[in-house]
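quick one: sequence plus predicted model below, questions after.
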Amino acid sequence: LVGDLLRKYVDEIQCPLPSSVMYSFSRLRDLSLIMVRNVIHEFENSSFGIVAFEQDISEYKSGSLHPMEIKVYESDLSSPVVSLGGVIDRIDCYEDDNRKYIRVIDYKTGSHKYDVDKIEDGADLQLPAYLFTAALKENREFFGKDSDKEVFPASALFLSAEEKDGMLSPTRSGFILNDDALLHAASAN
């Protein structure tokens, strides 16, 4: 259905566009369809559900997640505090009898592999920072005001498209808590 609508839109463009623009648009359309179909398939085979898209982390905006705050000098009571903000592309949640497990997804336009070894060098901190910020006690109400369940950081992934042999395919890279029930919930079928 989405593919038919996009093809109809492209076919109805009346202005003359260079073939390079039409090729780029066609490629973007195809990539978008591949990614949308893949995410739909992901949720058909998972117990996780979407909680939010484009979720702000900011102490200044209503409806935002509370940011993670880090003291510059931990042992100094008067130390300046750094507040980490941003926008989480997607937050998902899976709930069992005891906890609400959350995962964050960050969409990348190019191929991007999560590399835990880069954390020691101060790189690739985005996924863990987003995940642990969303799981802060101050953000518990975001996942349901009436729940006394612990909000538990479970998984964080980059979702991007990789080209191999002229074919585009979605790839996920990141980390997930090593727990059998959670692994089953992430990929139920």
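It's in.

now do the strands in this structure.
49-57, 68-71, 81-84, 86-95, 99-107, 150-164, 167-176 (DSSP state E).

quick check, pLDDT for residue 55.
The confidence metric pLDDT takes the value 95 at residue 55.

same question, residue 8
65.

thinking again about what came up before, show me the one of the strands of the chain that comes nearest residue 119.
Minimum separation from residue 119 across the strands of the chain (CB to CB) falls at strand 167-176, 10.6 Å. Any C-beta I mention is one placed from the backbone N, CA and C, and that applies to glycine too.

can you tell me which of the strands of the chain is most buried?
strand 99-107 (a mean of 22; mean count of other CB atoms under 10 Å).

which strands or helices does that strand pack on?
Contacts defined by 3 or more CB pairs under 8 Å, 6 or more residues apart in numbering; DSSP states H and E place strand 99-107 against strand 86-95, helix 126-134, strand 150-164, helix 180-186.

next, the angle from the third one to helix 126-134.
This means strand 150-164. Angle between the axes of strand 150-164 and helix 126-134 is 160 degrees (criterion: axes from the mean of the first three to the mean of the last three CA atoms, to 10 degrees).

for strand 150-164, which strands pair with it and how are they oriented?
strand 99-107 (parallel), strand 167-176 (antiparallel) (DSSP bridges).

what bridges to residue 81?
With DSSP bridges as the criterion, residue 81 is bridged to residue 71.

now do the contacts for it.
69-72 (CB atoms under 8 Å, 6 or more residues apart in numbering).

for residue 41, give me its contacts.
Residue 41 touches nothing, counting by CB under 8 Å, 6+ apart.

I'd like to know how far it sits from residue 123.
From residue 41 over to residue 123 the distance is 31 Å, taken as CB to CB, to the nearest Å.

related to what we said a few turns ago, distance to residue 18 for the strands of the chain - can I get that in JSON lines?
Converted to JSON lines, the strands of the chain look like this (distance: least, CB to CB, whole Å):
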{"stretch": "strand 49-57", "distance to residue 18": "32"}
{"stretch": "strand 68-71", "distance to residue 18": "46"}
{"stretch": "strand 81-84", "distance to residue 18": "43"}
{"stretch": "strand 86-95", "distance to residue 18": "32"}
{"stretch": "strand 99-107", "distance to residue 18": "28"}
{"stretch": "strand 150-164", "distance to residue 18": "23"}
{"stretch": "strand 167-176", "distance to residue 18": "23"}
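
out of these, which comes closest to residue 138?
That would be strand 68-71 among those, by CB to CB, at 9.4 Å.

quick check: beta-bridge partners of the spatially most central residue of the chain?
Nearest to the mean C-alpha position of the chain, counting by CA atoms, centre = their mean, stands residue 105 at 1.5 Å. Legend: beta-bridge partners of residue 105 under DSSP bridges are residue 90, residue 157.

can you tell me how far it sits from residue 139?
17 Å.

re earlier: any idea which of the strands of the chain gets closest to residue 33?
Nearest to residue 33, of the strands of the chain and by CB to CB, is strand 167-176 at 9.8 Å.
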